[in-house]
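A.B. asks: model the structure of this input:
(4 chains)
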Protein chains: 2
Amino acid sequence: MARPRTPLLSRERIVVAALRLIDDEGLGALSTRRLATELSVSGPSLYNHFATKDDLLDAVVDSVIGEVDLSMFGTAETTETAGTAAADGTAGTARTDGTPATPATPAALATPWAEALRDWARSYRAALAAHPNIVPVLAQGPGRRPNALRLADAVFGHLVESGWPRGQATRIGALMRYFVTGSALASFAAGFPADAEVYDAADYPHLGEAHRLAGHRGTVDEGAFETGLEALLDGLALRYARLAERS
Amino acid sequence: MARPRTPLLSRERIVVAALRLIDDEGLGALSTRRLATELSVSGPSLYNHFATKDDLLDAVVDSVIGEVDLSMFGTAETTETAGTAAADGTAGTARTDGTPATPATPAALATPWAEALRDWARSYRAALAAHPNIVPVLAQGPGRRPNALRLADAVFGHLVESGWPRGQATRIGALMRYFVTGSALASFAAGFPADAEVYDAADYPHLGEAHRLAGHRGTVDEGAFETGLEALLDGLALRYARLAERS
DNA sequence: ACCTGAACACCGTTCAAGT
DNA sequence: ACCTGAACACCGTTCAAGT
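C.D. replies: Next comes the predicted model:
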């Protein structure tokens, strides 16, 4: 047939099919020939739309990152009052209702940047966890992918405008990515074989119940992510309060 | 030559060569044929020592996990006083020297389980960061690999003996793995191209200095890991203190 | 038991040829 | 411009053959 009147392929169609293949059968199952078959064309056809397989993967990755909600970082207007926010950011050392300052009142609850970070982290994780097999590629960094750069820009900008020093803002962006990519890369619970025979009491005295983990996969991983996220935000809020003390 | 008097290969020798290849050129560079060439044998020879390439990868992964220090989790004797530790775990709400309770005194500093967790996390990250290309494989979970199961057993056992409820201990093990694997999977700093042209001010108003990141790769990632680790431990210490309050 | 070469069904990518 | 089949240098793995 050679060249059809209306093109058989488009970058969009290729990206969608590639992501489905990766989701269903893993990164290893994505071959140009297999993908072409799935799209009912011959292997080399793909090279009319992407220079290399890596180029195609880049597009797939950026389509996933594009799903992450960044709206909580708002515009400059809504966040440019950061200076005053930092000034009264006493972050839970005392409360206006007279109750004593205790750890039972997580500082992060009252801190706008922490709320934004929490919402973003949840959206980020949801987008990645929907496509765990591509996380190793995506975790290599933004590279030149526009959605990934937009994400980094929004997070860093919001933190700086909230009063964080630039060096700290960079570190927070990095450590949040560590945590989110790590949590989306693979299920913790599913990593433990459901076969009880694996956990010989002589070798692993505390893993007697580990074979049950895989069955509760969803709740275990969700709970671990939420616990870690709140712990991180509380820890960061402590540091934010120390910034205000020094000034 | 067929069968030599003394074997040309051993599992040990194969694993070492495979890890070097992965470290130097990435997971994609590890092919059975290439590895065999590196070892001066023919491709199929490897199948006398490993059933499949996946089997070989499992052995490589477990050799890396074997480098992680677990000695800080000690024996049952040294950690079974956890009940009392929990009882006075006031976690920085007040200090004996009369200074006011401020977040400037991180609770995690005084908490034995947190100290153990910190030392372990650093060793864990160091072992993984030395071999970032294999982290995606390793992050899939312990599977049936003995060193990975030993690690999970030690962490979980120590937390439970320190007074954490089993469900919480599971979540902490999971979230620590999220953070450590995420931080070792790829450099945050190196993920940003050093080419300043990438960061168009119109598209990414806050990334004007991002091209400098890759140059400070080591310190940026180290700093982010340490900040995140301390924040996590402080956040967990707040929760540990709340456990004591309720009892 | 442990290595070899030949073989099978795969890869990513290039390229000349078709419309 | 966009598709095709043929071709090249690769893959993981099996297997019969050698000592």
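A.B. asks: please count neighbours and contacts with C-alpha atoms only from this point.
C.D. replies: Fine.
A.B. asks: the longest helix anywhere in chain A near chain B at all?
C.D. replies: Identified as the longest helix of chain A according to DSSP state H is helix A:217-246. Yes - judged by Cα under 8 Å from any Cα of the partner chain, helix A:217-246 comes into contact with chain B at A:220-221, A:223-225, A:227-228, A:230-236, A:238-239, A:241-242.
A.B. asks: mind checking how far that helix is from the chain centre?
C.D. replies: 15 Å (Cα atoms, centre = their mean, to the nearest Å).
A.B. asks: so for it, mean pLDDT?
C.D. replies: For helix A:217-246, mean pLDDT rounds to 95.
A.B. asks: mind giving me the packing neighbours of that helix?
C.D. replies: Where contact means 3 or more Cα pairs under 8 Å, 6 or more residues apart in numbering or on different chains; DSSP states H and E, helix A:217-246 is packed against helix A:82-87, helix A:112-129, helix B:166-185, helix B:217-246.
A.B. asks: next, the angle from the last one to helix A:217-246.
C.D. replies: Yep, that's helix B:217-246 we're talking about. Note on geometry: by axes from the mean of the first three to the mean of the last three Cα atoms, to 10 degrees, helix B:217-246 and helix A:217-246 are set 100 degrees apart in direction.
A.B. asks: in helix B:217-246, what's buried?
C.D. replies: B:217, B:220-221, B:223-244 (16 or more other Cα atoms under 10 Å in any protein chain shown).
A.B. asks: same check on stretch A:49-61?
C.D. replies: Of all the residues in stretch A:49-61, those buried under the rule 16+ other Cα under 10 Å are A:F50, A:L56, A:L57, A:D58, A:A59, A:V60, A:V61.
A.B. asks: now do the fourth one, the pLDDT please.
C.D. replies: Taken from the predicted model, the pLDDT recorded for A:D58 is 98.
A.B. asks: excluding sequence neighbours, find me the nearest residue to it.
C.D. replies: Ranked by Cα to Cα, 6 or more residues apart in numbering or on different chains and with sequence neighbours excluded, the top spatial neighbour of A:D58 is A:R145, at 7.2 Å.
A.B. asks: the bottom helix or strand of chain A by mean pLDDT?
C.D. replies: helix A:82-87 (a mean of 33; mean pLDDT, DSSP states H and E).
A.B. asks: how much space between the residue of chain A found nearest DNA strand C and A:D195?
C.D. replies: For chain A and DNA strand C, the shortest gap (Cα to the nearest atom of the strand) falls at A:S31, measuring 2.9 Å. From A:S31 across to A:D195, the span is 33 Å (Cα to Cα, to the nearest Å).
A.B. asks: do A:A116 as well
C.D. replies: For A:A116, the distance to A:D195 - Cα to Cα - is 41 Å.
A.B. asks: between those two, which is the more surrounded one?
C.D. replies: Neighbours were counted for A:A116 and for A:D195 using other Cα atoms under 10 Å in any protein chain shown; A:A116 has more, 18 against 12.
A.B. asks: surely the more buried one touches A:S71?
C.D. replies: No - using Cα atoms under 8 Å, A:A116 is not in contact with A:S71; the gap is 9.0 Å.
A.B. asks: what number of residues lie near the nearest residue in space to A:M176 that is not next to it in sequence?
C.D. replies: What sits nearest to A:M176 in space, not counting adjacent residues and going by Cα to Cα, 6+ apart, is A:A121, at 7.5 Å. Counted with other Cα under 10 Å, residues neighbouring A:A121 total 22.
A.B. asks: and for A:S45?
C.D. replies: Residues near A:S45, counting by other Cα under 10 Å, number 14.
A.B. asks: just for chain A, where's the confidence low?
C.D. replies: A:1, A:75-110, A:247 (pLDDT under 70).
A.B. asks: near DNA strand C, which residues of it? Just list them.
C.D. replies: Within chain A, the positions near DNA strand C by Cα under 7 Å from any atom of the strand are A:1-3, A:29-34, A:43-44, A:47, A:51-54.
A.B. asks: PyMOL command to pick out the buried ones of these?
C.D. replies: Selection of the buried residues among the residues of chain A next to DNA strand C in PyMOL, burial being defined by 16+ other Cα under 10 Å:
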select buried, chain A and resi 30+32+34
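A.B. asks: ok, and of the residues of chain A next to DNA strand C, which contact DNA strand D?
C.D. replies: Near DNA strand D, by the rule Cα under 7 Å from any atom of the strand, you find A:M1, A:A2, A:R3, A:G43, A:P44 out of the residues of chain A next to DNA strand C.
A.B. asks: follow-up on the earlier one: next, give phi and psi for the residue nearest to A:D58.
C.D. replies: phi -80, psi 120 (degrees, to the nearest 10).
A.B. asks: wait, it touches A:V60, no?
C.D. replies: No - between A:R145 and A:V60 there is no contact under Cα under 8 Å: 10.3 Å.
A.B. asks: residues near the closest residue to A:L70 other than its chain neighbours, how many?
C.D. replies: Closest residue to A:L70 apart from its sequence neighbours, by Cα to Cα, 6+ apart: A:W120 at 6.5 Å. Neighbourhood size, A:W120 [other Cα under 10 Å]: 21.
A.B. asks: separation between A:W120 and A:L229?
C.D. replies: 11 Å.
A.B. asks: what do you get for A:L8?
C.D. replies: In terms of Cα to Cα, A:L8 sits 45 Å off from A:L229.
A.B. asks: kindly report the same for A:K53.
C.D. replies: Here A:K53 is placed at a distance of 35 Å from A:L229 (Cα to Cα).
A.B. asks: for A:G66, same thing?
C.D. replies: Using Cα to Cα, A:G66 is found at 22 Å from A:L229.
A.B. asks: same deal with A:R242?
C.D. replies: Distance of A:R242 to A:L229, given as Cα to Cα: 20 Å.
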